[in-house]
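Participant: Show me the folded form of this:
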Amino acid sequence: MLPSAVLFACTQNAVRSPMAEGYLKHLHGTRIYVDSVGLRGGREVDPFAIEVMREIGVDLTRHRHKAFDTLADTSFDVVVTLSPEAHHRALEMTRVMACEVEYWPTFDPTIVEGAREVRLTAYRDVRDGLIRRIQERFPPSRSPAIA
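Facilitator: Got it, this is the predicted structure:
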């Protein structure tokens, strides 16, 4: 059975959590309320993240950064954390919110240096890993998603 609301959290809400949010929305449409946050604010979605998600038909260009402190809704069934810092913050949330917190350690591709294709490969690896985890944890149903 799918949860009704999922929050993805990472350090900056610029790469990993927007990728996960975008893919889960792509997979399930409006069947699940999905959002994402970061610990630090002010960063736009990373252009490499936008590019590798576009390759699979997911548009991140309209994503707007959100931080834990600015969350409008705090009623989530599952909070999936993608970085150690976000995991600690999510565990603090459980003091006032009844939710399940899952830690999916996910590599930060922004630290990869080198040629454009080397960097894109790192982002694709993160994307593909998130897709596998999301499909396992939130499997697609047989009925079409409502967009």
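
Participant: When you work out contacts or count neighbours from here on, use the C-alpha atoms and nothing else.
Facilitator: Noted.

Participant: What helices and strands are in contact with the longest helix along the chain?
Facilitator: Longest helix in the chain, counting residues (DSSP state H): helix 116-137. Contact partners of helix 116-137 among helices and strands, from 3 or more Cα pairs under 8 Å, 6 or more residues apart in numbering; DSSP states H and E: helix 16-28, helix 47-54.

Participant: can you pull the buried residues of the last one?
Facilitator: Buried residues in helix 47-54, defined by neighbour count with 16 or more other Cα atoms under 10 Å: 48-53.

Participant: I'd like the next helix or strand past that helix.
Facilitator: Counting by DSSP states H and E, the next helix or strand C-terminal to helix 47-54 is strand 78-81.

Participant: Tell me the strands beside that following strand, with direction?
Facilitator: strand 5-10 (parallel), strand 100-103 (parallel) (DSSP bridges).

Participant: could you dump the helix or strand that that strand is followed by to CSV, C-alpha only?
Facilitator: Note on strand 78-81: by DSSP H and E, the next helix or strand toward the C-terminus is helix 84-93. Extracted in CSV, the C-alpha atoms of helix 84-93 (Å, rounded to 0.1, in the frame of the first residue of the first chain):
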residue,chain,number,x,y,z
PRO,A,84,23.4,12.4,6.7
GLU,A,85,22.7,16.0,7.6
ALA,A,86,19.1,15.8,6.3
HIS,A,87,18.6,12.5,8.1
HIS,A,88,19.4,14.1,11.5
ARG,A,89,17.0,16.9,10.8
ALA,A,90,14.2,14.6,9.8
LEU,A,91,14.7,12.6,13.0
GLU,A,92,14.2,15.8,14.9
MET,A,93,10.8,16.3,13.1
